[in-house]
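A.B. asks: Pasted the sequence and its predicted model underneath.
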Amino acid sequence: MKNLPLSLLVLLICIGWIAPAQAEKADRNKPMIFEANSLRYDDVKQATIITGNVLMTKGTIVIRAERIEIHEDADGYQSSTITGLPDKPAFFRQKREGMDEFIEGESELIEYDGRADTVKFTKNAVLRRLRGATLADEITGALIVYENLTDMFSVDGNAVKGAAPATGGRVRAMLTPKPEAAAAAPKTAASAPPSPALRATTTLGAPAK
């Protein structure tokens, strides 16, 4: 795959990933359950540090990591720093609201911001969408940010400042059409005019907001 301009990359991601569904809302009210080698809780700083082969679940959320540090602000919002190892990256998985679909990703560092409801995957990042147990889409890059509230993704192929490029400064994506679109394609192929070839462009209309 050739390097794609950012505007085209955003368009491809919107076509393949955006849907009228969000992360499972009920997860916010579910208890947090975990297994690990050790735990340290600081009531004054409202911080919890869990280390050693950590497995944490919260509703449909599943996290596996070497270390998880959780902070809670005065308004009750939680933020987490989830750390893996170079040979055993941290893993995050969550069901999408009202659908038999899951979002899962892995990287050496995962950061969750409860107030903004975003998940950031940094360094050797991979993000996947599964329909049931079947892989539908997969994106890799140096930095991937997933916004739960809008189901939008941003991907950066460049390495984090000060770090060596992990993916050669490139974003790679495998996006499949929705099942209903794939089923309708054979019926309209005979009557529909041939589609123009997709070309890279930096002028795709108004910039994304």
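C.D. replies: Nice, thanks for sending it over. Note that the structure is a prediction, hence the values are computed from the model and not measured.
A.B. asks: Phi and psi next, for P31.
C.D. replies: The phi/psi pair for P31 (degrees, to the nearest 10) reads phi -70, psi 150.
A.B. asks: That one contacts K58, correct?
C.D. replies: Yes: P31 is within contact range of K58, at 7.2 Å (criterion: C-beta atoms under 8 Å). Yep, even glycine has a C-beta here, placed from its N, CA and C like the rest.
A.B. asks: And those two? Which one has more around it.
C.D. replies: Neighbour comparison, P31 and K58: the larger count goes to K58, with 17 against 7 (by other C-beta atoms under 10 Å).
A.B. asks: hey, where'd the helices end up in the chain?
C.D. replies: 6-17, 179-188 (DSSP state H).
A.B. asks: Kindly report which one of those carries the lowest mean pLDDT.
C.D. replies: Confidence, taken as mean pLDDT, is least for helix 6-17 of the helices of the chain (a mean of 41).
A.B. asks: pLDDT at the nearest residue to I70 once chain neighbours are set aside, what is it?
C.D. replies: Counting by C-beta to C-beta, 6 or more residues apart in numbering, I70 lies nearest to T48, which is 4.5 Å off, once chain neighbours are set aside. T48 carries a pLDDT value of 91.
A.B. asks: i'd like the first residue to be 8 from this point on
C.D. replies: In the new numbering, first residue 8, that becomes T55.
A.B. asks: which residues does T55 contact?
C.D. replies: L46, R47, Y48, D49, I75, E76, I77 (C-beta atoms under 8 Å, 6 or more residues apart in numbering).
A.B. asks: let's see 10 Å
C.D. replies: The contact partners of T55, by C-beta atoms under 10 Å, 6 or more residues apart in numbering, come to 39, 41, 46-49, 75-79, 85, 87.
A.B. asks: and these, which are buried?
C.D. replies: Buried members of the contacts of T55, scored by 16 or more other C-beta atoms under 10 Å, are I75, E76, I77, H78, Q85, S87.
A.B. asks: will you turn those residues into TSV that also has pLDDT?
C.D. replies: As requested, the buried ones among the contacts of T55 are exported to TSV (pLDDT from 0 to 100):
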residue	pLDDT
I75	95
E76	94
I77	91
H78	91
Q85	84
S87	91
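A.B. asks: Now render those as JSON lines, adding distance to P93.
C.D. replies: Shown next, in JSON lines, are the buried ones among the contacts of T55 (distance: C-beta to C-beta, whole Å):
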{"residue": "I75", "distance to P93": "18"}
{"residue": "E76", "distance to P93": "19"}
{"residue": "I77", "distance to P93": "23"}
{"residue": "H78", "distance to P93": "25"}
{"residue": "Q85", "distance to P93": "27"}
{"residue": "S87", "distance to P93": "20"}
